[in-house]
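Chemist: Provided below are the primary sequence and the corresponding predicted coordinates.
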Amino acid sequence: MYNLLEKDEYASHFSTYVKLVAEGDLANILTKQLAETINLLQDISEEQAHFRYTSKKWSLKEVIGHMADTERVMGYRLLTIARSETTTLPGFDENEFIQNASFNKQSVEELLQNLQAVRLSTIHLIKSLTTEDYIRRGIANNSEITVRALIVIIAGHELHHCNIIRERYFGDTAFPIS
């Protein structure tokens, strides 16, 4: 569990993600995590990538796209707050994002390249931050949040979805065998 954050640094609904992240250098955690996620997903077939563990859930391709989209949104929040912008940042509807994206038309390789590009951008931004930047606060989706909380949430969000992929997609008896 990442216990360096104070409870007032993020909205309580993010605690699911925060508790998944181990203490440590956040840039290194994100770098290692990227390699693990790519390793987890790089060999899935197109048939497997279209799998949904129930009809109303996202395909694996949509989950990969969602991870990249969410990190891109959180990365924008991170940048904006780190640069002392005082504008209240909007929330986003993840289901609307999925409906309006073409993730199922992209190859797994393209989706993973996008995820990697977004993550590398996040890591470069994090490495440029000062100690003061990490504790800077802003408002996103009507809740106060710190820069370091956003970084932890980015890591925890990906861990959360990788756990779901392992358990509900790969662990489903109907998951196609390649």
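Modeler: Everything's here; your move.

Chemist: in the protein, which spans are strands?
Modeler: In the chain, the segments counted as strands under DSSP state E are 137-140, 143-146.

Chemist: can you pull the buried residues of stretch 5-16?
Modeler: For stretch 5-16, the buried set under the neighbour-count rule, 16 or more other C-beta atoms under 10 Å, comprises Leu5, Glu9, Tyr10, Ala11, Phe14. Yep, even glycine has a C-beta here, placed from its N, CA and C like the rest.

Chemist: Then stretch 62-81?
Modeler: For stretch 62-81, a neighbour-count test (16+ other C-beta under 10 Å) marks 62-75, 77-81 as buried.

Chemist: pLDDT of it, averaged?
Modeler: Mean pLDDT, stretch 62-81: 98.

Chemist: Tabulate the CA atom coordinates of that stretch in CSV.
Modeler: Taking Å, rounded to 0.1, in the frame of the first residue of the first chain, the C-alpha atoms of stretch 62-81 are listed here in CSV:
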residue,chain,number,x,y,z
GLU,A,62,-11.3,-1.4,-25.0
VAL,A,63,-9.7,-2.0,-21.6
ILE,A,64,-6.2,-1.3,-23.1
GLY,A,65,-7.6,1.9,-24.8
HIS,A,66,-9.3,2.9,-21.5
MET,A,67,-6.0,2.6,-19.6
ALA,A,68,-4.3,4.9,-22.1
ASP,A,69,-7.2,7.4,-22.2
THR,A,70,-7.4,7.5,-18.4
GLU,A,71,-3.7,8.1,-18.0
ARG,A,72,-3.8,10.8,-20.7
VAL,A,73,-6.6,12.6,-18.7
MET,A,74,-4.9,12.1,-15.4
GLY,A,75,-1.6,13.2,-17.0
TYR,A,76,-3.2,16.4,-18.1
ARG,A,77,-4.5,17.0,-14.6
LEU,A,78,-1.1,16.3,-13.2
LEU,A,79,0.6,18.7,-15.6
THR,A,80,-2.0,21.4,-15.0
ILE,A,81,-1.9,21.2,-11.2
